[in-house]
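S.K.: Give me a 3D structure for the following:
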Amino acid sequence: MKNNELITQDELQEERLFNSSLGRRSFLQFAGASAAGIALMAAGCRKDRNYGDMNTGATLDFKDDFGVLNYAYALEQLEAAFYVKVASAPPSTFTTAQKAYFQDIQFHEVAHREFFKNALGTAAIGSLEVDFSSIDFTSATSVLGAAMAFEDLGVAAYNGAGVRIKSTDYLVLAGKIVSVEARHAAYIRDIISNGTFADLASLAPLGAVNASGLDGALTPDKVLAIAGKYVKTKINVINL
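M.R.: Have a look, this model is predicted:
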C-alpha cells in the first residue's frame, strides 16, 4: 500500500474516533473551561507570533507559557499519530485486552492533541509530519517498545517543563495530563514485563531517581533531541 493511502486511512480513523460520542464526550469533559481561558489569553498574543508552517518548520518560543503549551501540543501530535496508527491496525498477536487498551489510549492522546490545538487557535504551531519508519507496526514487540518509549518520554517532558510554566492554571492542567501519561506508561511496562510498572531504576537516563522515588524529568532540548527521529518537520527552539 502506498504511503499516501496509509495517511488517508489514518486521517479517516482519527475523524471517526474523534467524532464518535465517546470521543466528543471525553474531550469536552477533559477540556472544561480551561480551553476557553487559554484561547482568550492567546488571542492577545497572536499578532506578535509566527510559529511557522510545514514548509519552514515549527518554532517553539519558550519566552512565555504559550511556548510551553505549543511544546506540549507538538508531543501530543506525535503520540496521537502513533496510537491512531496502532489502533487502526494492531499487530496480529495483540490480545483482545491489548487491542481494547490501544483503542482507549488513542482517545486520550487525540483529546490531548485537540485540546491544545483548539485552545491555542492561530497561536498554535502547524501539524507536524511524523516518521515512524523505524517502527514495525506488524510486530507487537516493536509497537510496545515504541509505546513505552513515547510514554516514558512524555512523562519526563511534562515534568521537565513544569518549572517553565508561570500560570498556576496551566500548571494544574499539565499535572492532569502527565498523570494520565504516567498511567499509560505503567500499564505498557507491565504488558512488556509484568511487575515493572514502577521500575524507576530503568528510567535513570530520563532523570528518574529511584532512591528518592522520583520520576524522570528532562528539559525540552533533550526531549526534542530524543523525539527527533520520529518527526520530519524541523522544530526550531528559541528563548529556552
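S.K.: and the closest residue to residue 232 other than its chain neighbours, what pLDDT?
M.R.: Spatially, and ignoring its direct neighbours in sequence, residue 232 is nearest to residue 129 (4.1 Å; Cβ to Cβ, 6 or more residues apart in numbering). Yep, even glycine has a C-beta here, placed from its N, CA and C like the rest. We have a pLDDT of 97 for residue 129.
S.K.: My guess is residue 129 contacts residue 235. True?
M.R.: No - in this structure, residue 129 sits apart from residue 235 without contact. The criterion is Cβ atoms under 8 Å, and the distance is 11.0 Å.
S.K.: quick one: which of the two has more around it?
M.R.: Between residue 129 and residue 235, residue 235 has the larger neighbour count (other Cβ atoms under 10 Å), namely 19 against 13.
S.K.: Enumerate every residue touching the more buried one.
M.R.: Shown in contact with residue 235 (Cβ atoms under 8 Å, 6 or more residues apart in numbering): 57, 58, 59, 60, 74, 128, 224, 228.
S.K.: rerun at 6 Å
M.R.: With Cβ atoms under 6 Å, 6 or more residues apart in numbering as the criterion, the residues that contact residue 235 are 58, 224.
S.K.: residue ranges of the strands in the protein, please?
M.R.: Residue ranges of the strands in the chain, as given by DSSP state E, are 58-61, 235-238.
S.K.: how deep is the nearest residue to residue 202 once chain neighbours are set aside tucked in, by neighbour count?
M.R.: Distance criterion Cβ to Cβ, 6+ apart; nearest residue to residue 202, sequence neighbours excluded, is residue 196 at 7.5 Å. Using other Cβ under 10 Å, residue 196 has 15 other residues around it.
S.K.: I figured residue 196 was touching residue 187, is that so?
M.R.: No - if you go by Cβ atoms under 6 Å, residue 196 and residue 187 don't touch, sitting 11.0 Å apart.
S.K.: highest average neighbour count across the strands of the chain?
M.R.: With neighbours defined by mean count of other Cβ atoms under 10 Å, none of the strands of the chain is more surrounded on average than strand 58-61, at a mean of 21.
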